[in-house]
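Asker: Predicted coordinates and the sequence they were generated for:
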Amino acid sequence: MSCLFYYHCVSRCVRRAFLCGDDQLTGQNYNHRRQWIEDKLYQLIEIFALDVCSYAVMSNHYHVVLHVDVEQAQNWGRDEVIARWHALFKGHTLSQRYVQNQALGKAELSVLDELVAIWRGRLMDISWFMRVLNETIARQANDEDGCSGRFWEGRFKSQALLDEAALAACMAYVDLNPIRAKLADTPEQSDHTSIQQRCQRAQDAHNPNHSQQQVSGLMPFVGNPRRDMPKGLPFRLTDYLALVDWSGRILREDKRGAIDSQIPDIITRLNIEPQHWAYLTQHFESRFKGLVGSAYKLKQACQTFGYERTPGINNCLKFFPSG
């Protein structure tokens with residue numbers, strides 16, 4: 001798994017008000033805005049060089065785990081980058097003339113290619129993705145309410161996921177949001193989540209683990225790591241669904257730390273203690289700061305960034321002992 005290509009992002013409504021649910025101040029229900037966010041998420045994934053691994057849209061915040069596909073963006077030609085950027089913004093006078101097949105001089109083409117390089121970088125940047133997503137929803141909500149002002153808190157929060165164990169734990173944490181909030185009893189009943197979409201597709205599929213049978217718009221599960229690994233999440237879909245279902249039962253039964261004997265095999269492969277897993281699926285966001293993974297991966301990332309210290313290493317040693 002490539003270091004620093006997976007990120008957990010969280011955006012919260014201003015003052016954590018229920019601006020996508022039941023507003024206690026006005027008595028109005030804004031649940032339909034959760035569908036706005038979900039629809040926009042799928043729309044933007046078709047434009048950016050990013051993949052959605054998991055997401056959960058709640059009443060006053062949302063989570064999304066993103067994968068940055070650097071190779072995809074680097075393989076785009078000039079026309080592809082311009083077309084994608086124009087799907088979001090007007091672009092530049094030169095790019096507008098270019099798509100209208102107007103002749104550009106050598107100097108103008110040089111300037112255009114500089115712009116294309118900038119846009120290419122932005123189209124694989126999670127900050128730009130979150131910016132477009134949040135600004136779109138904020139404008140829609142303000143138009144609906146007939147007001148202006150901030151809809152979201154300041155900048156979104158993010159955590160870099162450094163290895164498979166951190167990725168699996170974070171995805172499960174995200175997918176279990178409605179169950180922790182007592183809004184759903186099972187993963188398949190969890191509205192506006194990736195786990196609901198995956199469960200529905202798995203029920204309809206003859207072979208749920210076949211990559212072509214998985215949910216369009218979501219990063220596919222491609223099985224355990226091996227040679228010539230295709231692009232996708234390094235787990236089997238059925239293993240992951242079993243893991244989330246098992247974790248949800250622990251949460252619903254309020255048995256923190258009390259693990260039954262039916263532990264999914266994926267826990268063993270990831271080398272995570274079952275008791276630690278139960279804790280992670282409830283407290284992942286608050287326990288870790290910017291970087292999450294084994295101590296070895298954490299040290300690698302800190303060296304890459306030139307950090308003098310290794311923040312969060314004690315928690316990584318405790319919860320992700322491998323490596």
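Answerer: Perfect, I can see it now.
Asker: only C-alpha atoms for contact and neighbour calcs from this point on.
Answerer: OK.
Asker: any idea which helix or strand carries Val174?
Answerer: helix 164-175 (DSSP states H and E).
Asker: pretty sure Ser11 is touching Phe151, no?
Answerer: No. With contacts counted by C-alpha atoms under 8 Å, Ser11 stays clear of Phe151, the gap being 10.3 Å.
Asker: low-confidence ranges in the stretch 151-300 of the chain?
Answerer: Flagging of the stretch 151-300 of the chain using pLDDT under 70 yields the residue ranges 205-214, 252-261.
Asker: Could you rerun that using 50?
Answerer: Where the stretch 151-300 of the chain drops to pLDDT under 50, the residues are 255-259.
Asker: Ok, the stretch 1-150 of the chain next?
Answerer: In the stretch 1-150 of the chain (pLDDT under 50), the answer is 1.
Asker: first to last residue in stretch 148-159, what's the distance?
Answerer: Using C-alpha to C-alpha, to the nearest Å, the end-to-end distance of stretch 148-159 comes to 30 Å.
Asker: buried sites along it?
Answerer: 151-152, 157-159 (16 or more other C-alpha atoms under 10 Å).
Asker: mind putting the residues you listed in TSV, distance to Ile263 included?
Answerer: Converted to TSV, the buried residues of stretch 148-159 look like this (distance: C-alpha to C-alpha, whole Å):
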residue	distance to Ile263
Phe151	41
Trp152	39
Lys157	32
Ser158	30
Gln159	27
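Asker: Make JSON lines from those residues and add distance to Cys20 and secondary structure to it.
Answerer: Converted to JSON lines, the buried residues of stretch 148-159 look like this (distance: C-alpha to C-alpha, whole Å; DSSP: H, G, I helix; E, B strand; the rest coil):
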{"residue": "Phe151", "distance to Cys20": "10", "secondary structure": "coil"}
{"residue": "Trp152", "distance to Cys20": "11", "secondary structure": "strand"}
{"residue": "Lys157", "distance to Cys20": "19", "secondary structure": "strand"}
{"residue": "Ser158", "distance to Cys20": "21", "secondary structure": "strand"}
{"residue": "Gln159", "distance to Cys20": "24", "secondary structure": "strand"}
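Asker: For those, which two are the farthest from each other?
Answerer: Phe151 and Gln159 (22.2 Å; C-alpha to C-alpha).
Asker: which residues of this structure fall in helices?
Answerer: Counting by DSSP state H, the segments of the chain that form helices are 32-45, 70-75, 78-86, 93-99, 106-122, 126-145, 164-175, 177-180, 194-204, 237-252, 265-270, 274-287, 295-305, 313-319.
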